[in-house]
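[1] Just a sequence and a predicted model for now, questions to come.
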Amino acid sequence: MTKPHILQVGPYPEWDQGPLDAAYTVHRWWEAADKDAFLAEVGPKIDAIATRGDLGASEAMIAACPKLKMISVFGVGYDSVHLASCKARGIRVSNTPDVLTEDVADLAVAMLLSLVRKMGPAEAWVRSGDWAAKGVPPLTRKVSGTRAGILGLGRIGTAIARRLQGFGMEIAYSARGPKPGAEGWTFVPDAVALAERSDHLFVALAATAETRHIVNARVLQALGPDGTVINISRAANVDEAALLDALEGRRIAGAALDVFEGEPNLNPRFLTAPNVLLQPHHGSGTVDTRKAMGKLMRDNLSAHFAGQPLLTPVA
Ligand code: 8YV
């Protein structure tokens, strides 16, 4: 029996690559020197696409694969998959939710603490000899007992809120509507009102056309000079130019970011902006979680080719 043809958009860890190569004829798009020519050659053979949350599958890529029936995303975010094309052609799409929720929420809280308690500058203070030469570093700000605003109370937003309760923080959130099970947390209808009542604003939204730049100049002004932004979702949810202006103008206290427009090539202004914590989109980046994501990505592919329902369908 011939093996199905898979278009693989980006590299996976070896523990995933081996099983994929064993089960499918894998065409490695990211290794192609001329990607258009590569797609023109292999596209007609492709039965499924294996991609990642950060890479997706463009409209052109999908159009180049007339036999395509399924896209399996290694990641919870599928905003980079051209869903309109998938819906128009009945192409099934899966992602890898739940298995990464805890890791992403853990990193969001770690980023908050590191940013506000200035752990990066404090380590530089030790390493540079300033501790011996100048004494204790500048004082920072307390995190426990402050006010958290969660933009998007989905799986990850909820996990962040539960962690922050342990710090005695007052939790408010903005979503399409009040969430069942969020008793004790305050629902706030829009981002500006949420920012007005928050010290630390967590961006935990799925990226959609409606959420694009939801964190804008007005939200940042409402957050104020003692406020911070923590983004572990997608860069598209934040107006980066407005954020950089607010950081450089010290109109907010700081930002902790795991995602960037154009990543991994971020806006160079971030490299010199004051009080910004930069992380390389590794919210889900632990061995345990990436193994679970890879297995779920592969299990969705297997279910598809076995004619079974997808384990975690999005479309
Ligand atoms: C990506 C993510 O999958 O889950 C997501 O949507 O953004 C990440 O976990 C990451 O790009 C892995 O390569």
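    Perfect, I can see it now.
[2] CA only for contacts and neighbour counts going forward, please
    Noted.
[3] gap between residue 311 and the ligand?
    16 Å (CA to the nearest ligand atom, to the nearest Å).
[4] Go ahead and report the secondary structure state at that residue.
    coil (DSSP: H, G, I helix; E, B strand; the rest coil).
[5] any idea where the helices of the stretch 201-315 of the chain begin and end?
    217-223, 240-248, 269-272, 287-305 (DSSP state H, counting those that start in this stretch).
[6] hmm, who's touching the helix or strand where residue 39 lies?
    In this assignment (DSSP states H and E), residue 39 forms part of helix 35-42. Contact partners of helix 35-42, identified using CA atoms under 8 Å, 6 or more residues apart in numbering, comprise 27, 29, 32, 61, 64-65.
[7] Out of those, which sit inside strands?
    residue 27 (DSSP state E).
[8] and the helix holding residue 39, how far out from the chain's middle?
    When C-alpha coordinates are averaged (CA atoms, centre = their mean, to the nearest Å), helix 35-42 and its chain have centres 29 Å apart.
[9] Check which residues of that helix are buried.
    By 16 or more other CA atoms under 10 Å, the buried positions in helix 35-42 come out as 38-39, 42.
[10] Packing partners of the helix or strand following that helix?
    Using DSSP H and E, the helix or strand that follows helix 35-42 in sequence is strand 48-52. Secondary-structure packing of strand 48-52 (3 or more CA pairs under 8 Å, 6 or more residues apart in numbering; DSSP states H and E): strand 5-8, strand 70-74.
[11] Helix 287-305 and the longest one, what's the angle between them?
    Here strand 70-74 points in a direction 170 degrees away from that of helix 287-305 (axes from the mean of the first three to the mean of the last three CA atoms, to 10 degrees).
[12] Export the buried residues of helix 35-42 to JSON lines and append columns for pLDDT and distance to residue 120.
    JSON lines is the format used below for the buried residues of helix 35-42 (pLDDT from 0 to 100; distance: CA to CA, whole Å):
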{"residue": "38", "pLDDT": "98", "distance to residue 120": "44"}
{"residue": "39", "pLDDT": "98", "distance to residue 120": "44"}
{"residue": "42", "pLDDT": "98", "distance to residue 120": "47"}
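[13] Which one of those is nearest to residue 251?
    Among the buried residues of helix 35-42, residue 39 lies closest to residue 251 (CA to CA), at 46.9 Å.
[14] The closest one and residue 109, how far apart?
    From residue 39 across to residue 109, the span is 41 Å (CA to CA, to the nearest Å).
[15] Tell me which of the helices of the stretch 201-315 of the chain lies nearest to residue 75.
    helix 287-305 (6.7 Å).
[16] what about stretch 193-208 and the ligand, touching?
    No - contact of stretch 193-208 with the ligand (CA under 6 Å from any ligand atom) is absent, the minimum separation being 8.7 Å.
[17] could you pull out the helices for the stretch 1-150 of the chain?
    Going by DSSP H, counting those that start in this stretch, the stretch 1-150 of the chain shows helices at 14-23, 35-42, 59-63, 83-89, 101-116, 119-127, 130-134.
[18] Tell me which of those is the most buried.
    A comparison of those by mean neighbour count, using mean count of other CA atoms under 10 Å, puts helix 101-116 on top with a mean of 21.
[19] what residue ranges in this structure score low on pLDDT?
    Counting by pLDDT under 70, the chain contains low-confidence residues at 315.
[20] Show me what from it comes close to the ligand.
    Going by CA under 6 Å from any ligand atom, the residues of the chain near the ligand are 52-54, 74-77, 284.
[21] Quickly note the distance from residue 58 to residue 260.
    Applying CA to CA, the value for residue 58 to residue 260 is 19 Å.
[22] Now do stretch 58-71: everything it contacts.
    So stretch 58-71 is in contact with 39-40, 43-51, 80-82, 85-86, 90-94, 301, 304, going by CA under 8 Å, 6+ apart.
[23] Please read the previous query as pertaining to stretch 266-280.
    Residues outside stretch 266-280 that contact it (CA under 8 Å, 6+ apart) are 111, 114-115, 244, 247-248, 250, 253-261, 264.
[24] Pull out the buried residues from stretch 41-56.
    Buried residues in stretch 41-56 (16+ other CA under 10 Å): 42-43, 45-56.
[25] Please disregard the earlier target; I meant stretch 154-174.
    Buried residues in stretch 154-174, defined by neighbour count with 16+ other CA under 10 Å: 154-164, 169-174.
[26] Can you list which of these are found in strands?
    170-174.
[27] What sits closest to residue 215 if chain neighbours are left out?
    residue 238 (4.7 Å; CA to CA, 6 or more residues apart in numbering).
[28] contacting residues around the residue nearest to the spatial centre of the chain?
    Centroid check for the chain by CA atoms, centre = their mean gives residue 233 as the closest residue, at 3.5 Å. Shown in contact with residue 233 (CA under 8 Å, 6+ apart): 203-207, 258-259.
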